[in-house]
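1. I would like to see how this sequence folds:
(chains A and B)
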Amino acid sequence: MTKDFAVPPVVFPSGGSSAGANVQQRRFPAAPFQPPRPSTSAIPFMSFDIGSAAASSATPAGPFGGTMSSSSSFGGGSASFEDEEPLLDELGIHPDQIWKKTRSILNPFRINQSVHKDSDLSGPIFLYLALCLFQLLAGKIQFGVILGWIVVSSIFLYAVFNMLAGRNGNLNLHTCTSLVGYCLLPVVVLSAVSLFVPQGAGPVRFVLAAVFVLWSTRACSTLVVSLADGGEEHRGLISYACFLIYTLFSLLVIF
Amino acid sequence: MYNNMGPQPGMPMPQANPQPNPFGNAFSGPGSGLIRSGLGAYGEKIFGSSSEYVQSNITRYFSDPQYYFQVNDQYVRNKLKIVLFPFLHRGHWTRISEPVGGRLSYKPPIYDINAPDLYIPLMAFGTYVVLAGLSLGLYGKFTPEALNWLFVKGMVGWFLQVMLLKITLLSLGSGEAPLLDIVAYAGYTFTGLCLAVLGKIIWGYSYYVLIPWTCLCTGVFLVKTMKRVLFAEARSYDSSRHHYLLIFVALAQFPLLIWLGNISVNWLF
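-> Alright, predicted model coming up:
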């Protein structure tokens, strides 16, 4: 049994449409810009039509795969929602990797260097937020300050390492920032612990800070020297640079 | 040496950087991406011409920075001893030069204790900022903004020192020493300054002993270095003007270091 609708039926235009002017026609959602596509083009041009996205065989994996499949769902049905990647993978955040890397720094005596080979920035962001949270609990609102200092100190370490290592230095900024961020973990622990130590510049705070700063320095210099070439004979010089960076952060925590 | 002569007529070679570099040219290699992109872009904007012209002009003003980072532990230790106790340096103060490709250039810091380097000044500056923050915190006046002002103050002090040395060179010699050499010599004052601030943190009264000591040591070090640099530079040796200017350099250390060592929240004084 069919209901009678007041709206006339939709007729899709096919080749040689015979419908008159009174039939409503609905067009395909047209792409906003149609570049001219010559039949013989010297430069291979990949058209970004929404309709042809599903037909392109080279769908890139990773975060763009999600958008591609979701845009091709215009043409398909609603069944492609399950084909989308999980949100964390799409954003590039891998919690198990972050946890493994964090746990490798937790042991101050033996640092597992192999898990840090592929660098990521989501762990450092997480640690940065944790540090800001503990500082907030201590009454200091320092979100911008800490972020700025992380950026400046990673650029500093990158410049110093590559200059010292000379021609065969291959530390890149992403790895450097990732390492500086992960080795901020002892400073985060310091700021958590110093919430319970009484206020005031007593010797306890300084000794505590010194222990954690040395832990941080050792972790950072070991990782930097083992992950990038050319740093072995300059270990002491690089660890002094790391020491300066983490002392700076500990100043924020102590005072 | 410092390339006083321009390129000979008929020799199409630009005035490239003459420093010998077992570590390779700064404009190639992975660590140099920063320099190449940064200086290259800056140069393109100003000169707007081909990259060789840009490179040769940039290297004329900014000699290869990689040269100044060829250091090792032993060099750093010995150089610190020279900068902090220049009276005890028994050797000579001249830099060892070696002919490289028909041009005279200086040996890198690993092989020559008298060569300037940029690692120690950079680390000394960083240590100064950190120690100054520590001393501010001990008086209960630490804020991150105060640390930023201390950084600015240190930079201004470094700049003033560079100006002092550069003006001395310009008025006596031809002033063609590479800029980074002057920046390195000026940065060595931060090592003594760090010692003074450390003394202030440990025991307040030691500051009044350490600051005159630091001023004296820095003055002696700079005078001896400038004498050597001027010797290599000067076309005419005007003895009395030389000596007066060198004494002025040594005396000017006193107000400069006292200003830099006085750590307080407002950065002007």
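2. ok now stretch B:184-198, how far from the chain's centre?
-> 11 Å (C-alpha atoms, centre = their mean, to the nearest Å).
3. Pull out the buried positions in that stretch.
-> Neighbour counts over stretch B:184-198 (16 or more other C-beta atoms under 10 Å in any protein chain shown) mark B:184-198 as buried. Quick note: C-beta positions are derived from backbone N, CA and C, even for glycine.
4. residue boundaries of the helices in the stretch 101-250 of chain B?
-> Secondary structure of the stretch 101-250 of chain B (DSSP state H, counting those that start in this stretch): helices at B:119-138, B:144-172, B:179-187, B:189-202, B:207-233, B:239-261.
5. Could you export those helices as JSON lines, including mean pLDDT and distance to residue A:100?
-> Formatted as JSON lines, those follow (pLDDT from 0 to 100; distance: least, C-beta to C-beta, whole Å):
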{"stretch": "helix B:119-138", "mean pLDDT": "94", "distance to residue A:100": "32"}
{"stretch": "helix B:144-172", "mean pLDDT": "91", "distance to residue A:100": "33"}
{"stretch": "helix B:179-187", "mean pLDDT": "92", "distance to residue A:100": "41"}
{"stretch": "helix B:189-202", "mean pLDDT": "93", "distance to residue A:100": "39"}
{"stretch": "helix B:207-233", "mean pLDDT": "88", "distance to residue A:100": "48"}
{"stretch": "helix B:239-261", "mean pLDDT": "89", "distance to residue A:100": "46"}
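6. and the gap between the residue lying closest to residue B:241 once chain neighbours are set aside and residue A:168?
-> Using C-beta to C-beta, 6 or more residues apart in numbering or on different chains and skipping residues adjacent in sequence, the residue nearest residue B:241 is residue B:172, 6.5 Å away. Residue B:172 sits 41 Å away from residue A:168, going by C-beta to C-beta, to the nearest Å.
7. between those two, which one's more packed in?
-> With neighbours defined as other C-beta atoms under 10 Å in any protein chain shown, residue B:172 and residue A:168 compare such that residue B:172 has more, 21 against 15.
8. ok, the more buried one to residue B:221 distance?
-> Residue B:172 sits at a distance of 18 Å from residue B:221 (criterion: C-beta to C-beta).
9. Next: residue A:211.
-> Distance, residue A:211 to residue B:221, by C-beta to C-beta: 36 Å.
10. more crowded one of these two?
-> The neighbour comparison of residue A:211 against residue B:221 (other C-beta under 10 Å) goes to residue B:221, with 25 against 13.
11. What about the residue lying closest to the more buried one once chain neighbours are set aside, how many residues nearby?
-> If the residues on either side of it in the chain are set aside, residue B:221 comes closest to residue B:86, at 4.5 Å by C-beta to C-beta, 6+ apart. By the criterion of other C-beta under 10 Å, residue B:86 has 19 neighbours.
12. quick one: residue B:86 from chain A, how far?
-> According to C-beta to the nearest C-beta, to the nearest Å, residue B:86 and chain A sit 23 Å apart.
13. Distance of that residue relative to residue B:204?
-> As judged by C-beta to C-beta, residue B:86 and residue B:204 stand 27 Å apart.
14. which non-adjacent residue is nearest residue A:160?
-> For residue A:160, ignoring the flanking residues on the chain, the nearest one in space by C-beta to C-beta, 6+ apart is residue A:241 at 4.9 Å.
15. The residue lying closest to residue A:193 once chain neighbours are set aside sits in which helix or strand?
-> In space, and not counting its chain neighbours, residue A:193 is closest to residue A:208: 6.6 Å by C-beta to C-beta, 6+ apart. Using DSSP states H and E, residue A:208 sits in helix A:203-227.
16. Give me the residues contacting that helix.
-> Helix A:203-227 is touched from outside by A:105, A:108, A:111, A:113, A:116-117, A:157, A:161, A:171, A:175-176, A:179-180, A:182-187, A:189-190, A:193-194, A:197, A:231-232, A:235, A:238-239, A:242-243, A:245-247, A:250, A:253-254, with contacts defined as C-beta atoms under 8 Å, 6 or more residues apart in numbering or on different chains.
17. what's the distance between it and the middle of its chain?
-> How far helix A:203-227 lies from its chain's middle: 25 Å, per C-alpha atoms, centre = their mean.
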